[in-house]
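Undergrad: got a predicted structure here, sequence first:
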Amino acid sequence: MIGGLFIYNHKGEVLISRVYRDDIGRNAVDAFRVNVIHARQQVRSPVTNIARTSFFHVKRSNIWLAAVTKQNVNAAMVFEFLYKMCDVMTAYFGKISEENIKNNFVLIYELLDEILDFGYPQNSETGALKTFITQQGIKGQTKEEQSQITSQVTGQIGWRREGIKYRRNELFLDVLESVNLLMSPQGQVLSAHVSGRVVMKSYLSGMPECKFGMNDKIVIDKQGKGITTDETAKSSGKQSIAIDDCTFHQCVRLSKFDSERSISFIPPDGEYELMRYRTTKDIILPFRVIPLVREVGRTKLEVKVVIKSNFKPSLLAQKIEVRIPTPLNTSGVQVICMKGKAKYKASENAIVWKIKRMAGMKESQISAEIELLPTNDKKKWARPPISMNFEVPFAPSGLKVRYLKVFESKLNYSDHDVIKWVRYIGRSGIYETRC
Amino acid sequence: MENRQFGSKMTDSKYFTTTKKGEIFELKAELNSDKKEKKKEAVKKVIASMTVGKDVSALFPDVVNCMQTDNLELKKLVYLYLMNYAKSQPDMAIMAVNTFVKDCEDANPLIRALAVRTMGCIRVDKITEYLCEPLRKCLKDEDPYVRKTAAVCVAKLHDINAQLVEDQGFLDTLKDLISDSNPMVVANAVAALSEIAESHPNSNLLDLNPQTINKLLTALNECTEWGQIFILDCLANYTPRDDRESQSICERVTPRLSHANSAVVLSAVKVLMKFMEMLPKDLDYYGTLLKKLAPPLVTLLSAEPELQYVALRNINLIVQRRPEILKHEMKVFFVKYNDPIYVKLEKLDIMIRLASQANIAQVLAELKEYSTEVDVDFVRKAVRAIGRCAIKVEQSAERCVSTLLDLIQTKVNYVVQEAIVVIKDIFRKYPNKYESVIATLCENLDSLDEPEARAAMIWIVGEYAERIDNADELLESFLEGFHDESTQVQLQLLTAIVKLFLKKPTETQELVQQVLSLATQDSDNPDLRDRGYIYWRLLSTDPVAAKEVVLAEKPLISEETDLIEPTLLEELICHIGTLASVYHKPPSAFVEGSRGVQHKRISGNAVSGESVESPDNGSAAGVTEAPPAVIQSHGDLLGDLLNLDLTPPTTTGPPPPSSSGMQMGAMDLLGGGLDSLMGDESEPPSIPLRTDTPSPQLPHQSPSPPDYSPTELGGDLGGNPAMGAGFGGPPAVMPASFNAPVGGGLDDLFDLGSGVGMPMGAFNPPKTVWLPAMKAKGLEISGTFVRRAGVIQMEMNLTNKAMSVMTDFAIQFNRNSFGLASAGPLQILTPLSPNQSIEAALPLSTVGPIMKMEPLNNLQVAVKNNIDVFYFSCQYPISMLFVEDGKMERQVFLATWKDIPNENESQFQIKDCHLNSDAASNKLQSSNIFTIAKRTVEGQDMLYQSMKLTNGIWVLAELRVQAGNPNYTISLKCRAPEVNQCVFQNYESVLKN
């Protein structure tokens, strides 16, 4: 199991050091600083073995977190734990920075004592932790409160406490998708997938039992089987989407999903991520990038890029940004674009073209002349891909929320009384076209 | 007070800044202050100093004084301090005990848990004594939070004092907690038990039976994500009784594949991969399961980069074990421009593994793209990958070659060099197909500065010398700096020039002479010198034979590369998700001490096998029982074996079968060059070219150019009668320019002093003629080998059938597989007159130079007398090398048998042998083949035998003798399986005589 956990600033000074196992000595702290933080080259592996001690490290802005062990631990678990630790810290004091860590070091030690016992991760749900790790002591709690805390921390529903009350029962569903694309210069899709998340904000009283439904092909086909008419099958088939894989928050009853493919759960209070999913079929690619790069002699490049929007004309895409990489020996750039603003950013070695809004089924173009300094560097320019950022108000995977039903038998509100909101946002993930 | 938290937020960092001289003194005063606030501030300062590594142990008594408080925050801070310093101040730590004991009785469950948790972390003997009573209470506490904390505390205590935990009966209480009503208590109990069980492989601590498994599976649905990981990791150690149980567990584990936590997913994959082995392949469910595994594995690739890396390392294993799972998912392994380098390199690895005819076009397009990237390692690997594709998928070869040519045109130095190395392999795989590109390659000669690339280029020039007009100029240009080249290049250059000479003898005589003298006279490298001499001698005696040898047709190279050795792969599959799967090494390779020495195995079909062997050197634990070999059956042979020995041993056994020791023995025999045989995971492009030839100096991971190493040439020298005759004859065939240095070369090999007298020895029956008189100018040698009281002797009969007197005898052996060498000079004191015969006994040692021979027990001998030098080769029975202490302990035998991979096992039939098993056993014993155990099953006797070679290699045998059946079956297992054949022959000859 995890033998110790260290947090360093970018200089390699240790900010937090908590050792859980005897086999980890103080010299481990220095070994990591010398061999990883102060190493000249970039990180070649997130797991480093120094003198039979393994260091798992992640970096958040300028801060290094390192979990140390001498045993054959579950590596995936250690990284999941480190991410979780970051989440917990962020939930307690915001951004992970040297200042925030120093300001909260007592709190961090207290958290580390609670969520790692002898190197074994324990309950790490912020909601539960906040009920008793407060930095204000537990004084004033009644006996009932105390046992409620402990049963919640260890119980089956560790993510929600009892007795939550809202005057207005309300929930928000955000379907957030990031669409990823790798396209060849000829316009062939090399790989494309959507990774989506359903984020829920729930403000519901009591212990509500929820059921979530979407246009999952498997479910729709199953229901379609009951009705024999071809038409309904066809129409429903069109609207349904094939989900390659999905994962759920721990509140979802996985065995029920496995057997019936129904998503039922008691939600945590407030905001959390209900599910993640991945699709690769029938993705709507909101934009198409058509690049044209011509080398004119050794000192000049001509670049022309056309972007086409590919969705309903009534919808508007926002925050569009096209990033066209330029060679390192660029000396000057002249840009002409039909729409938006384009700028050559020397520090980023790229032409950045920004368009605030663009409707569907439109097209726009940029052309640039890049002057190059002559070099004797034999190595050819690697031509990194042209990347794009955007935001569209629909789900590129085609996912639709069909329902979210809420049942709370003990309290006097029904599914109809709950106010529900659904929103779809499609964003670019890694959206690249090679040129 | 409401704003306290806010207040502390603003000020905590100040504790890091005080670094005054009298700091400790000031802190002391503050700690003893009456004001609670001030006290707390002071403790915080102390903790801050502790964090940055300052020694604040001097404040121990003052800090402990602050412990008695109602303020939980202060209490926690003091506890933190205690955990760090108690060990250095054990006497003071005792001061804290009372408070702990009191806190364990507190009404607040959070405080009870805190106390027991902290107490477990204080590793002071005196404190642990006091811990027992509170711990016992807490294990049965009404509050689940306290129980789950107490469960982990048992593991802590066990780490400090294992005996105490056993004596106090905590292990039983812990086992009871597996049936607890609270899922988190169950999960922590499982985690604690798993850890304790690891250091106690013999105890049946984690008594996994269908009932407990059922409990675990129920808890799995209810506990936290971390608890699910503990439970799944524990489940993976269970061996289901039959395929139905296996299937039902799989069915209950599959829902975990949809968990948001990647570690839960990977642990579930581990359980499924392992249990799947037991399912019949024709079962529908088997297919369903295979399909279910792919999507979650792909999903792992959208996790954060560090987790992606862990996932990719594991997918690499999974793809090797079950390629069908991900064969359609090539695209997801395409490298993204912004992937961290460690993700890129791993993806590339998997892409090569998944490459097939169906997807090769896409893969190639990608690889070409990658080879223009920035990172040098990545680009090199991409270029190599293109070569691998060509070799793996024949249809793509042409496209690969043209892609490589494009890359060579870029003139980027390391790309060109890498491309040339892989093109050489392509030439090997598809001879006479792509040689048209040679001209392009030759243009880049000057830019090659890496030995591997230079060697590859030289090989190409030599191999195709007849098609390259200026091959001699090219090679000559390399020759100028011969002594500055690395050995790899030197050897290659030598061979290439000899090839060139054989192809274009007229214009290259000078060149070949130059290189031969450089290699033999001006070099200190024995390999280079040996190779030089052998070529020289070959060329000078029989150029036709030389041509046959040097320009012989080369065997094909294999397509699969750097596969993990199957036994290791099996073990690693059982460690999916863990560090072992990330390092691709067994836990024993990186975990110290006894922990993690467990070797896990995938259970075979229908019957299972899980071996738990562990040389327990538990220091703190003080447990010193010998490791029991609790091995469950694995196939019938092993099953039978194991029934012999299921009772745990009572003695403290001898040192366990140090597998590393045996490995070393094997290495010795194989002389380094054969490492590749042993399946070590070598650098990327290891093509096992010819498993038997790589000469020790060539780095084995590189597909070394396919030339004969001295070994084989030597073999031919002795073995080929035509050659022998050639040697005997006058040096008429020797090219004129060659005569001078030959003599010197021979002297070098035979710089023995002349023989001195010889005592008459006893006669030894079956001598065979090794050197017939007609081949040795009248000297006939017959002989045999004997082993007496641990001394190996070569007994010879020398007969003079010539007309003149023979004197000045001397003998020398060529390097051989087991390092046999004469332990003294050949004692022939009197001259040997015509028609006289003399006997000589030569004691042998096994400390001579080593080189693998073919066959293994071949010995090449040179005998010199006043007339000439003669060569012959003979084979010695391998039993000469069986040492007297070759009897293995039964335990060790069991463990070793299990430990040696199955592919190292060979089975033979010994026909027409009419001994009963006891007689056979006695007979074999006289040859130092020891019977360790005997077992009779259904009229068939099984003898388990061991023998040890002089170089430390153990050979294990199972001999099956059926009454009334003259045919025996013998199975041999050895870490160096190439000895099996010899050992079998030896069995045959011993048993039949």
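TA: That came through fine. Numbering: from 1, shown residues only, chains lettered A, B, ... in the order given.

Undergrad: hey, let's count contacts and neighbours off CA atoms from now on
TA: OK.

Undergrad: what parts of the stretch 551-700 of chain B come near chain A?
TA: B:577-580, B:582, B:587, B:590-592, B:595-596 (CA under 8 Å from any CA of the partner chain).

Undergrad: pLDDT weak spots in the chain?
TA: Assuming you mean chain A. A:134-141, A:224-238, A:377-380 (pLDDT under 70).

Undergrad: oops, chain B please
TA: Those would be B:1-22, B:201-203, B:559-561, B:593-765, if you go by pLDDT under 70 across chain B.

Undergrad: show me the helices in the stretch 201-350 of chain A, by range?
TA: A:217-226, A:230-239, A:254-260 (DSSP state H, counting those that start in this stretch).

Undergrad: narrow the residues of the stretch 551-700 of chain B next to chain A to those that are buried.
TA: B:577-580, B:582, B:587, B:590-592, B:595-596 (16 or more other CA atoms under 10 Å in any protein chain shown).

Undergrad: can you give me the neighbour number for the closest residue to B:Met95 other than its chain neighbours?
TA: Using CA to CA, 6 or more residues apart in numbering or on different chains and skipping the chain neighbours, the partner closest in space to B:Met95 is B:Val64 (7.4 Å). Applying other CA atoms under 10 Å in any protein chain shown, we find 21 residues neighbouring B:Val64.

Undergrad: next, find the distance separating B:Val64 from B:Thr99.
TA: 10 Å (CA to CA, to the nearest Å).

Undergrad: give me the next element, helix or strand, following the helix or strand harbouring B:Glu570.
TA: Element membership for B:Glu570, per DSSP states H and E: helix B:566-573. As assigned by DSSP H and E, the chain's next helix or strand after helix B:566-573 is helix B:579-583.

Undergrad: contacts for that following helix, please.
TA: With CA atoms under 8 Å, 6 or more residues apart in numbering or on different chains as the test, helix B:579-583 has contacts from A:72-75, B:310, B:313-314, B:317, B:572-573, B:575, B:586-587.

Undergrad: how about the nearest residue to the closest residue to chain B within the stretch 201-350 of chain A, chain neighbours excluded?
TA: At 4.2 Å from chain B, A:Thr247 is the closest residue in the stretch 201-350 of chain A, using CA to the nearest CA. By the measure of CA to CA, 6+ apart, the closest residue to A:Thr247 outside its immediate chain neighbours is B:Ser258, 4.2 Å from it.

Undergrad: from B:Ile576, how far out is the residue of the stretch 201-350 of chain B found nearest chain A?
TA: Going by CA to the nearest CA, chain A is nearest to B:Ser258 of the stretch 201-350 of chain B, at 4.2 Å. Distance, B:Ser258 to B:Ile576, by CA to CA: 17 Å.

Undergrad: and if you look at A:Thr150?
TA: When A:Thr150 is compared with B:Ile576 (using CA to CA), they lie 33 Å apart.

Undergrad: what of B:Tyr414?
TA: 36 Å.

Undergrad: who has more neighbours, these two?
TA: Using other CA under 10 Å as the criterion, B:Tyr414 and B:Ile576 rank with B:Ile576 on top: 33 against 20.

Undergrad: surely the residue of the stretch 201-350 of chain A closest to chain B meets A:Arg276?
TA: Yes: counting by CA atoms under 8 Å, A:Thr247 touches A:Arg276, with 5.3 Å between them.

Undergrad: how about the residues of the stretch 101-250 of chain A by chain B?
TA: A:102-106, A:110, A:117-118, A:121-123, A:135-139, A:143, A:146-147, A:150-151, A:153-156, A:158, A:190-191, A:195, A:244-250.

Undergrad: I'd like to know which of the residues you listed are part of strands.
TA: Counting by DSSP state E, the part of those found in strands is A:117, A:121, A:190-191, A:195, A:245-248.

Undergrad: biggest separation within the residues you listed, which pair?
TA: Within these, A:Asp117 and A:Leu190 form the most distant pair, 46.3 Å apart (CA to CA).

Undergrad: quick one: which of the two has more around it?
TA: Regarding A:Asp117 and A:Leu190, a neighbour count based on other CA under 10 Å identifies A:Asp117 as having more, with 21 against 16.

Undergrad: chain neighbours aside, what residue packs nearest to the more buried one?
TA: That would be B:Val152: by CA to CA, 6+ apart, it lies 7.2 Å from A:Asp117.

Undergrad: how about A:Cys337?
TA: Using CA to CA, 6+ apart, the nearest residue to A:Cys337 is A:Ile366, at 4.2 Å.

Undergrad: what residues are bridge-paired with that neighbour?
TA: Using DSSP bridges, the bridge partners assigned to A:Ile366 are A:Val305, A:Cys337.

Undergrad: residues contacting it?
TA: So A:Ile366 contacts A:304-306, A:335-338 (CA under 8 Å, 6+ apart).

Undergrad: how much space separates it from A:Met338?
TA: Counting by CA to CA - A:Ile366 and A:Met338 are separated by 7 Å.

Undergrad: now do the shared contacts for the two.
TA: With CA under 8 Å, 6+ apart, A:Ile366 and A:Met338 have no common neighbours.

Undergrad: of all of the stretch 1-150 of chain A, which residue lies closest to chain B?
TA: For the stretch 1-150 of chain A, CA to the nearest CA, closest residue to chain B: A:Asn74, 3.9 Å.

Undergrad: against B:Gly481, how distant is the nearest residue to that residue once chain neighbours are set aside?
TA: The shortest distance from A:Asn74 to any non-neighbouring residue, by CA to CA, 6+ apart, is to B:Thr578 (3.9 Å). Per CA to CA, B:Thr578 is found 50 Å from B:Gly481.

Undergrad: next: B:Val512.
TA: Taken as CA to CA, the span from B:Val512 to B:Gly481 is 15 Å.

Undergrad: repeat for B:Ala453
TA: 16 Å.

Undergrad: what does B:His259 give?
TA: Distance from B:His259 to B:Gly481, by CA to CA: 63 Å.

Undergrad: neighbour-wise, which of those two wins?
TA: The neighbour comparison of B:His259 against B:Gly481 (other CA under 10 Å) goes to B:His259, with 25 against 10.

Undergrad: quick one, what contacts the more buried one?
TA: A:247-250, A:254, B:265.
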